[in-house]
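**Q** whatever this is, show me its structure:
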Amino acid sequence: MKDDLVARVRAGVQAHVPRNVSLVIGLSGGIDSMVLLHVLVRGLRMSPRRISAIHVNHQLSPQAARWASFCRRCCRDFGIRLHVAKVAVRRGNSTEAAARAARYGVFAASGAGVVVLAHNRDDQAETVLLQLLRGAGPRGLAGMPVFRTGGASAPAVLRPLLEVPRSLIAAYARRHRLQWVEDDSNGDRAYLRNFLRHEVLPLIEGRLPGAGVTLSRAARLQAEASDLLDALALADLGGNAPRDRLPLAPIKALPPHRAKNALRYFLRGNGLLMPDADRLDELLRQVITARGDAAVRIGLDGVELRRFHDALYMVRPLPALARDFVVSWDGRGALHLKELGGVLRLERGTEPGIDERLLRGKSLRIHVRQGGEALRLAPGGRRRTVRNLLQEAELPPWMRERLPFLYLDGELAAVAGIGVDVRFRAPAGHAGYRPVWLPD
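**A** Alright, predicted model coming up:
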């Protein structure tokens, strides 16, 4: 029995985690996470240099401080590092969801290579039932994956115990005389998951032994169906996975159910929580049927979805921008402009750029648009307002206000993404530097 549990965890780590990648275990102090910690450190003899732990104090229970102290003591005994993070969770109808979001926010901010979680097969069965009662589609009914790849805002997640029943985990804990903490809220039937765990699933198992195995298998089948729907969405979008911008022309040509599937694919690919069916229908209606010049602007999961020139953009919130914003720069390396939401570089190349000689010994400052600015982009051409140039470039309005304007000794030399004024342009045979703006 011991060897089976250790072998399962070893197989999961070997299959999904490269040898040079560190692991961070999400340690609640409960029986599941304590068993996982013991297996990794004692069973697999994993080096303390490769594994550490995170305990998230949700501050929801009077026992929260005691649980954190317990985890500190255990990690000292195991010889591994522990980070304890306190989070504020708003109580209400979705306390469980808020706590989970806060917990995963801590994981995302940890810089971990792979976060290892102790979810088991019974947890998976509960998740499938929860999603079914919420009317979820294949993605929700797929439950939790054994392994989820990381992204820009989230680490990879491994659940090596996901096919292991809770009874086997409990047997391992007893055999090794492990200690753990009990969360008294786990018995509170007011939480739907606890109601399913203590009332519903035992009844189902009593009538249909092995129901947990069946639900776990159903989750795998739904995961396969979800992958097929993703492949269909990708094909419907021309084979390109959209990031931050969704062209609407292919969406409009699709039947409604496939259009919604493509929209879900876009939202999920950008890490957004999926809206309910009614709100998704309304979102699709607005972005497809609104007039071409209508200012569609929809808030969703902390971002704004905006339509511009037959495309849907995901706009992340940025800090308030002062009208007198200015940054001095030496022109070297990458200039990270958090207030503008991107990175500015000067790249040497064959395209018309700022004369290298003019960059020496002159004051280079970055401003934002004030109104009335003008550039002459072609020798012998007329000066044109930046406003007209931005309109011709079909740049979305919210991007125009945060575009870097480069000034040399107080004169406008260039606007990133628009061009360099001829007065500052490098002549043939001389090095020129083109300002390149890379929004986050």
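**Q** C-alpha only now, for contacts and for neighbours.
**A** OK.
**Q** ok, which stretches of the stretch 51-200 of the chain are strands?
**A** In the stretch 51-200 of the chain, the strands defined using DSSP state E, counting those that start in this stretch lie at 51-57, 82-86, 114-116, 147-148, 156-158.
**Q** and the second one, what other elements does it pack with?
**A** Right, the one you point to is strand 82-86. Strand 82-86 sits against strand 51-57, helix 64-78, with contacts defined as 3 or more Cα pairs under 8 Å, 6 or more residues apart in numbering; DSSP states H and E.
**Q** these two touch, right, Arg307 and Val287?
**A** Yes: Arg307 is within contact range of Val287, at 6.6 Å (criterion: Cα atoms under 8 Å).
**Q** so what sits against both of these two?
**A** Residues within reach of Arg307 and of Val287 at once, by Cα atoms under 8 Å, 6 or more residues apart in numbering, are Val296.
**Q** how many other residues sit next to Ile51?
**A** By the measure other Cα atoms under 10 Å, the count of residues near Ile51 is 23.
**Q** run through the bridge partners of it.
**A** Leu23 (DSSP bridges).
**Q** spit out the contact partners of it.
**A** 22-25, 80-81.
**Q** dump the residues you listed into JSON lines; add pLDDT as well.
**A** Shown next, in JSON lines, are the contacts of Ile51 (pLDDT from 0 to 100):
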{"residue": "Ser22", "pLDDT": "90"}
{"residue": "Leu23", "pLDDT": "94"}
{"residue": "Val24", "pLDDT": "95"}
{"residue": "Ile25", "pLDDT": "96"}
{"residue": "Ile80", "pLDDT": "95"}
{"residue": "Arg81", "pLDDT": "95"}
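**Q** just name the closest of those to Asp188, please.
**A** When those are compared for distance to Asp188 (Cα to Cα), Ile25 wins out at 26.0 Å.
**Q** please save the CA atoms from the strand or helix carrying the closest one in PDB.
**A** Taking DSSP states H and E as the definition, one finds Ile25 inside strand 23-26. What follows is strand 23-26 as a C-alpha-only set of coordinates in PDB (Å, rounded to 0.1, in the frame of the first residue of the first chain):
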ATOM      1  CA  LEU A  23       8.400  22.200  -6.200                       C
ATOM      2  CA  VAL A  24       6.300  24.200  -3.800                       C
ATOM      3  CA  ILE A  25       3.700  22.200  -1.900                       C
ATOM      4  CA  GLY A  26       0.500  23.900  -0.900                       C
END
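**Q** and stretch 405-413, how far out from the chain middle?
**A** Chain-centre distance of stretch 405-413: 37 Å, with Cα atoms, centre = their mean, to the nearest Å.
**Q** which of the residues in it are buried?
**A** In terms of neighbour count (16 or more other Cα atoms under 10 Å), stretch 405-413 has its buried residues at 405-408, 412-413.
**Q** that older thread, only whichever of the contacts of Ile51 are buried, select them in ChimeraX.
**A** Selection of buried members from the contacts of Ile51 for ChimeraX, criterion 16+ other Cα under 10 Å:
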select :22,23,24,25,80
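**Q** would JSON lines of the contacts of Ile51 with distance to Glu392 be doable?
**A** Below are the contacts of Ile51 laid out as JSON lines (distance: Cα to Cα, whole Å):
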{"residue": "Ser22", "distance to Glu392": "49"}
{"residue": "Leu23", "distance to Glu392": "50"}
{"residue": "Val24", "distance to Glu392": "50"}
{"residue": "Ile25", "distance to Glu392": "52"}
{"residue": "Ile80", "distance to Glu392": "58"}
{"residue": "Arg81", "distance to Glu392": "56"}
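**Q** tell me how far the nearest residue to Ile204 once chain neighbours are set aside lies from Pro202.
**A** Closest residue in space to Ile204, ignoring its immediate chain neighbours: Ala211 at 6.8 Å, by Cα to Cα, 6 or more residues apart in numbering. If you measure Ala211 against Pro202 using Cα to Cα, to the nearest Å, the figure is 10 Å.
**Q** again, but for Arg19
**A** 40 Å.
**Q** more crowded one of these two?
**A** Neighbours per residue (other Cα under 10 Å) separate Arg19 from Pro202, with Pro202 holding more: 15 against 9.
**Q** tell me which element that one falls in.
**A** Assigned by DSSP H and E, Pro202 falls in helix 201-207.
**Q** same question for Leu346.
**A** Counting by DSSP H and E, the element that carries Leu346 is strand 342-348.
**Q** next helix or strand past that strand?
**A** strand 354-355.
**Q** packing partners of that next one?
**A** Using 3+ Cα pairs under 8 Å, 6+ apart, strand 354-355 is in contact with strand 432-439.
**Q** CA atoms only: put the strand it packs on into PDB for me.
**A** Provided in PDB are the C-alpha atoms of strand 432-439 (Å, rounded to 0.1, in the frame of the first residue of the first chain):
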ATOM      1  CA  GLY A 432      19.300  55.100 -36.600                       C
ATOM      2  CA  TYR A 433      17.300  53.900 -33.600                       C
ATOM      3  CA  ARG A 434      13.600  53.200 -34.000                       C
ATOM      4  CA  PRO A 435      11.400  53.400 -30.900                       C
ATOM      5  CA  VAL A 436       9.500  50.200 -30.300                       C
ATOM      6  CA  TRP A 437       6.600  50.000 -27.900                       C
ATOM      7  CA  LEU A 438       5.600  46.600 -26.500                       C
ATOM      8  CA  PRO A 439       2.400  46.700 -24.500                       C
END
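**Q** strand partners (parallel or antiparallel) of that strand?
**A** Strand pairing for strand 432-439, using DSSP bridges, gives strand 342-348 (antiparallel), strand 354-355 (antiparallel).
**Q** out of these, which gets nearest to Arg159?
**A** strand 342-348 (34.6 Å).
**Q** what does that closest one contact?
**A** 331-337, 404, 431-440.
**Q** mind running it again at 10 Å?
**A** 331-337, 353-354, 356, 366, 402-404, 416, 431-440 (Cα atoms under 10 Å, 6 or more residues apart in numbering).
**Q** that strand - what's its average pLDDT?
**A** For strand 342-348, the mean pLDDT works out to 93.
**Q** got the buried residues for it?
**A** 342-347.
**Q** got it, and stretch 213-226?
**A** So stretch 213-226, judged by 16+ other Cα under 10 Å, has buried residues 213, 215-220, 222-223, 225-226.
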